[in-house]
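Peer 1: Let me see the structure of the following:
(2 chains)
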Amino acid sequence: MSKRIVTAVALIGAAGVISGCTLEQPSAGCIVQDSTDYPWQALYVLKNSADEAKSCGKLKGEALGVFKYIEFEKGANEQLTKKRAFIGIRPEGLAQRFESVTYEDEVLNTDGSVQVDEDGEPVMEEITAERVPGARADNYAIAKLSTALSETLADEPDEKGLCSTSGFKPATVTTTAVTRTDEETGEVITVAPAESLSYTFSDVKVYSDPSAPGTQLTGTLKYSDGPGCEAEYTVLALWPQVGCDPEAFANPTEANAADRCAEGSGLNPDFDAVCVAGIAGGDAACVPNPATGVPAFKSK
Amino acid sequence: MQVRRMLRATGVVVVASLSYGTAAYADSVIIGTVVSADNKKPAADVVVTATSPNLQGEQVVVTDAQGNYRIPQLPPGVYTLRFDKESYRPFSRSEIQLRLDRTIRVNVEMLPEEMSETIVVTATPPTIDVGSTSVGVNVDQDFIKRIAVNRPGGKGGATRSFESLAELAPGAQSDSYGVSINGTTSPENGYVVDGLSTNDPAFGVNASPLSVEFVQDVNIITGGYMPEYGRSTGGVLNAVTKSGSNEFHGSVYGNLTPGIFEGQRTPVVSAASVVTGRNNLQAIGDFGATLGGPILKDKLWFFAGVAPSFSNYTHTRSVNYFETEEYTTSTGTTARRVVRDPVTGFNKSQQIPGSEREYDVTGQSLQYMGKLTYLINQDHNVSVSLAGTPSVSGGNGALAINPRSGALPGTLSGDPNAYGQTQSVAGSTTVALKYAGALMDKKVLIDANVGWFHQTSATLPSDGSEIGSMEGLAGLSLVQFRNLRSIADVETNLNAQALCNADGRGGTLACPVRSYVSGGPGLISDGLLDRYQANAKATYMFSALGNHVFKAGADLELLSYQQRKTFAGGVNLAEEADGSWLDSRRYGYQNGPDQPVNLAFQDSLSRSTTVGGFLQDSWTIANRVTLNAGVRYDTQWMYGATGQLGIVLPNQVSPRLGLVVDPLANGRMKVYANFARYYEQVPLNMADRAFPPEASYAAYRQGGTGAPCDPATITTREGQDECRKDSSVIERGEGLTTLDPSFKYIGGKVDTTPVDPALKPQGSDEFLVGAEYEVLANIRVGANYTHRYMNSVIEDMSRDDGHTYFIGNPSEGFAKEFPKATRNYDAVTVLLNRTFSDGWLAQASYTWSRLYGNYAGLFRPENGQLDPNITSDFDLTSLLENREGLLPYDRTHAIKLFGAKEFNFTKDLSASLGLSYRGNSGTPISALGGHPIYGGTEAFILNRGSVGRTPWLHNIDSNIGVNYRISKSNVVSFSLDVFNLFNFQEVATVDNAYTNAGVYVLPIEGGKIDGNPMDLKPEQVTQSNGRPMTEAQRNLNWTKATSYQAPRQIRLGLKYTF
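Peer 2: The predicted model follows:
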């Protein structure tokens, strides 16, 4: 205990010398809002409109899981030394591939014939199949590949308030096809197709300012839905994901502010946000105005 | 004549019995003008000598050409002034009562020796402070001895702490953590003992509940103070401890408040819960001894004291069952339901026989103090003092008394064996060095203080196991059962299965428990708080168009708050509805997705540095007009738990301007006006909690019978060892489809809370006007008007409905859509004050006041949340609807009457009778409801405080004292204090919640309804889902009593002084 007192005295003494300098509020550093309670909402804008025709050029936007991690080294007495910060992005398009599929299939007898009920109709059973088999094996090795982790996240924002990241590895999911055979016709029906999806993020920058702490980000996404198709998008995302009404957005009144990404919507009211249909599981959601870019503020 | 002689004799007894301990803290001043009695011309070069039992040696000054003299740096006490000049008759004036921090004027006419005519120059000395605009009261031992003060119980009640005396001042009233002054909250006060702050560095409350037995004089300054006092937006409680004197004096004393004399407490009836609890006083007492005297006469004095004290209560926990009845449902079937009382609508309940269990509620303290005062020479002295107030409460099965608020335990709605496992340790140690010196014929004065204030604040396992250890109680996790059960199944020793199961639902209807804690002690913490303070001020007196007293000072304060804390067993385990278990509280972080690192404990060290200084001039023109002008500057830097600078509160420029007019120029009257700006020193709790918040992560674990977390064994050490293993962690509910890269562990990262770059420090302004007149000797009457309002307020806020938070000033910077934080206080006080002399004293005051706004202060009176500058008040704009109104401490009328009379039966036997009356109008009532985002009772359905008031509270206390003089200086005194003499049991607080738990409502637009707000109907209130509220969702307890006045208590005291 007395050692703790001595430390306290020494630190206080040091503080007395250090302070006296600045009268400005210190920076809070690079803050990133985690998607613990609410996801981020991304808008994807194709960099090359010619890609629109490609199968991999159809992304419009989706929910993102964005998390910041701070890696520490734990010393004696639970003393922590910061090693680095980085972020993880988990796109809904990858996470939802882990949803198992359920379908009905004929029940077969031991001899391979189709079991029938008293009316002569085939007996069907419900089958649940994983699209990504073995995802949990080896301590979730396959599942973990579906999150894009950066190598770094800056400690402090740059002069524009943007916190840069570097070293994103691609996030991938490879699903195996789930099929069933129609015993009557012998036709093989694909319940869920085999897919090989890849998200490669780069140049991701999170806007972090005391007035908007880590609630907007921008970046580049190279998306591939299989060999031979790759498209590049600009990512504009904000937090939290907030639904909106495109009609209200087009016809703003004071009363519908909450439905058009303004006051009461759950967003920072200074955001220059637009309402885009079909990007939140088919519904409309608020995203940073692509015409403004990130940071998107009304006054800025 | 006979009477007069007796009174004089009494006075001697009184002085003898009180002067054993005297003050060396010297900040009082006697000024005056000496004129020649024949021609009324100023008499220059008169030698003025001040003597007092409280003064080492004597103080000598000489009048100037205008006949003015000034004797500064005097300790409070009773003085004799002697005036000598050649060719004049020596003149002496005695019995001058000089109070702490006061400037009094003693004008004298001297008789030339050749004058033969008789000129009457005798007059009693004045007691009005003509140099200052500060208002408040000064409480000395004369008062403490004769009036029932320091009510037992409550904060500092057992130790008879000096701070509770603040409540005697007009405009002051008790609040949850001390005394509220002029509408502010108690953590905003400055607590100063011998020139050094004793505010809790983390929370701002007084952390040194020093016994009044060690205190010579307490000056409660409620407003109008000069720049030398700063860093508080409330009042200033300035206490001076006793010092030795040239004679040996001391005391031995004891006080006891036995529970058997306690008046009947009115039980609080409410919508009964199954578990109930009540607290009864066993005894409160304090004992002690003091001794002071010379080591070297006129050179070195000492004072020492020790004062143990204790509080013992009994908490009785008992368990009820609800009466049930059969009824026909709307579908025609029969079912059982709980019987409701037709009048109150509450569930009808009966106690389960034999379910009572008694707990001791204990607190002990051992205060001590030592002081040495050394007079280097007539002009320089130093003193060094050491004071401590260690205390412990609870542990080993006994329950604790909250050291910050003095609150007794509430209902124990968990496993009876899970209580009393921790001991609360709180205390402070102060080491202070003080120097006072005079230079250049007392024209320049230097006062310097250096001090170390060390505070402990800990809640530790009472078996001695260490924080972070997995042994003993420190290793046993708190378990929260959250699913509906019958208490008969949980507490099988009640043998209540038959009684409870009669409800036909296995006891879940008649004996339901849902939230039930068991297992270990939960949060355990060990905090060390330190304040290093150094301040110095220089006073320079000069003449230029009148007399100037110019002061300049510097003040440095370094605060630190070091805390080690953990949840016993490393984690609190909470039951989920599906039977799994959640690590509901745990310290730790994640190095990456699903890479949790547990912290056996969390260490934090937050710090603050405040640098400041002041300049002030008190300019007296023609002995009639005094202009006090000054400015104070402070800047505070706060460093968060990880050592990073978290927030700067820069450039606190506090101007103070006062004007005092003494129309008669004789020190018997003053008319004054003052403007002051005050700034807050922000307590460290904010730095500890926000820069950054503590890191924690959570996980779900496999539960159920036979599972690793088995409800049957989870309260035991073995069961917990199994449950807490990594292998029991299960994947989160969404499985791999989660957007969280971690599939098992939740959370684990914190970012520091951002601060608005345009942040302004928190402060308030005060306007004060008043007048005082000494109508008769020692009797002052006065009146004053105070207006206070907030400037910028610091709070944490969210502009996106609780998603992100920042610290800023409501309505300023980027918190522009928030309403301004307001707290307007207007008060008119009239007072009469008669200091103790000729055997009696009296104080009377009446205050009319209004406290209006949306900001209560550093804690929330509605729920007791003590989080200075980061309460939930301004978190969301939607919380602020209807939040402006009459604040909880608005009491329109306050009357305080104190009187004491001394009776002398024989030369040696005297008695005193003291009576006090305190009357307050009630506090405003609100209609609160659950807020859609914040839940609880955070929404103001109607305008704050608009639903009437609680009733007036009257309190009559009495004191009877009997003094018997054994020998010249040995006195035995017996005292009997009766608090709440008539055991008035009026409603003190009421329930403000209009909705039941879990009902979320919207504030009514405009905050008003047609008709009486008391008649608010549920259908007038809209739920957050758009539907009207229903009768079943209404809290039947709304506006009903939640507490009554403290009952009659009798304190017996015996004291021997020599």
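
Peer 1: going forward, measure contacts between C-alpha atoms and count neighbours the same way
Peer 2: Noted.

Peer 1: Count the residues that sit near the closest residue to chain A within the stretch 451-600 of chain B.
Peer 2: Here the stretch 451-600 of chain B gets closest to chain A at one residue, B:Asn591, 4.4 Å apart by C-alpha to the nearest C-alpha. By other C-alpha atoms under 10 Å in any protein chain shown, 21 other residues sit near B:Asn591.

Peer 1: Check B:Gln141 too.
Peer 2: The local packing of B:Gln141 (other C-alpha under 10 Å) involves 18 other residues.

Peer 1: State the distance from it to A:Ser27.
Peer 2: According to C-alpha to C-alpha, to the nearest Å, B:Gln141 stands 52 Å off from A:Ser27.

Peer 1: can you check B:Asn996 too?
Peer 2: Note on B:Asn996: its distance to A:Ser27, by C-alpha to C-alpha, is 43 Å.

Peer 1: If you count surrounding residues, which of those two has more?
Peer 2: Neighbour count, other C-alpha under 10 Å: between B:Asn996 and A:Ser27, A:Ser27 has more, with 21 against 18.

Peer 1: Need the per-residue pLDDT for that one.
Peer 2: If you check A:Ser27, the pLDDT there is 90.

Peer 1: correct me, but it touches B:Thr753?
Peer 2: No: with contact taken as C-alpha atoms under 8 Å, A:Ser27 and B:Thr753 are classed as non-touching, separated by 9.8 Å.

Peer 1: Not counting stretch B:798-817 itself, show me its contacts.
Peer 2: Residues outside stretch B:798-817 that contact it (C-alpha atoms under 8 Å, 6 or more residues apart in numbering or on different chains) are A:33, A:210-211, A:213, A:240, A:264-269, B:753-760, B:792-797, B:818-821, B:870, B:874-878, B:933.

Peer 1: what sits against the residue of the stretch 451-600 of chain B closest to chain A?
Peer 2: A:Tyr69, A:Ile70, A:Glu71, A:Phe72, B:Val597.

Peer 1: One more pass at 7 Å, please.
Peer 2: A:Tyr69, A:Ile70, A:Glu71, A:Phe72 (C-alpha atoms under 7 Å, 6 or more residues apart in numbering or on different chains).

Peer 1: From A:Lys83, how far out is the last one?
Peer 2: I take that to be A:Phe72. A:Phe72 sits 5 Å away from A:Lys83, going by C-alpha to C-alpha.

Peer 1: ok, how many other residues are close to A:Leu64?
Peer 2: Neighbour count of A:Leu64, defined by other C-alpha under 10 Å: 26.

Peer 1: swap in B:Met797?
Peer 2: 25.

Peer 1: and if you look at B:Tyr177?
Peer 2: Per other C-alpha under 10 Å, the neighbour tally for B:Tyr177 reads 23.

Peer 1: what sits against the closest residue to it other than its chain neighbours?
Peer 2: Nearest residue to B:Tyr177 in three dimensions, chain neighbours excluded: B:Ser405, at 4.6 Å (C-alpha to C-alpha, 6 or more residues apart in numbering or on different chains). Under the criterion of C-alpha under 7 Å, 6+ apart, the contact list for B:Ser405 reads B:Lys155, B:Ser176, B:Tyr177.

Peer 1: can you pull the contacts of the last one?
Peer 2: For B:Tyr177, the set of contacting residues under the criterion of C-alpha under 7 Å, 6+ apart consists of B:Ser186, B:Val205, B:Arg404, B:Ser405.

Peer 1: I'd say B:Ala448 and B:Ala536 touch.
Peer 2: Yes: applying C-alpha atoms under 7 Å, one finds B:Ala448 in contact with B:Ala536, separated by 4.1 Å.

Peer 1: Check the gap between B:Pro861 and chain A for me.
Peer 2: Distance of B:Pro861 to chain A, given as C-alpha to the nearest C-alpha, to the nearest Å: 28 Å.

Peer 1: which residue is nearest the middle of chain A?
Peer 2: With distances taken as C-alpha atoms, centre = their mean, A:Leu64 lies nearest the centre of chain A, 1.9 Å away.

Peer 1: That one - nearest residue in space that isn't next to it in sequence?
Peer 2: Leaving out its chain neighbours, the residue that sits closest to A:Leu64 by C-alpha to C-alpha, 6+ apart is A:Pro91, at 4.5 Å.

Peer 1: Repeat that for B:Glu938.
Peer 2: B:Glu938 sits nearest to B:His931 (C-alpha to C-alpha, 6+ apart), 5.4 Å away.

Peer 1: and the stretch 151-300 of chain A, which of its residues are near chain B?
Peer 2: Applying C-alpha under 7 Å from any C-alpha of the partner chain, one finds that the stretch 151-300 of chain A approaches chain B through A:Pro210, A:Ser211, A:Gly266, A:Leu267, A:Asn268.

Peer 1: pLDDT score for the first one?
Peer 2: Right, A:Pro210. A:Pro210 carries a pLDDT score of 90 in this model.

Peer 1: Same check on B:Ser916?
Peer 2: At B:Ser916, pLDDT is 95.

Peer 1: Tell me the residues of chain B that contact chain A?
Peer 2: So chain B meets chain A at B:558, B:590-592, B:599, B:609, B:637, B:645-648, B:650, B:736-741, B:749, B:751-757, B:799-801, B:806, B:814 (C-alpha under 7 Å from any C-alpha).

Peer 1: Keep only those of those that are in strands.
Peer 2: In this view, those that belong to strands under DSSP state E are B:Leu558, B:Gln590, B:Thr609, B:Trp637, B:Leu645, B:Gly646, B:Ile647, B:Val648, B:Pro650, B:Phe806.

Peer 1: Which positions in stretch B:1020-1029 come out as buried?
Peer 2: By neighbour count on 16 or more other C-alpha atoms under 10 Å in any protein chain shown, the buried set for stretch B:1020-1029 is B:Val1021, B:Thr1022, B:Gln1023, B:Ser1024, B:Met1029.

Peer 1: Tell me the one of these nearest chain A?
Peer 2: Scanning those for proximity to chain A, where the rule is C-alpha to the nearest C-alpha, the winner is B:Ser1024, at 13.8 Å.

Peer 1: Leaving out the residues flanking it, which one is nearest to that closest one?
Peer 2: In space, B:Ser1024 comes closest to B:Val1001 once its chain neighbours are excluded; the distance is 4.9 Å by C-alpha to C-alpha, 6+ apart.

Peer 1: how close does that neighbour sit to B:Gln1020?
Peer 2: Here B:Val1001 is placed at a distance of 11 Å from B:Gln1020 (C-alpha to C-alpha).

Peer 1: Same question for B:Leu913.
Peer 2: 55 Å.

Peer 1: Which two of the ones in strands among the residues of chain B next to chain A have the greatest separation?
Peer 2: The span of these, defined through C-alpha to C-alpha, is set by B:Gln590 and B:Pro650 at 35.9 Å.
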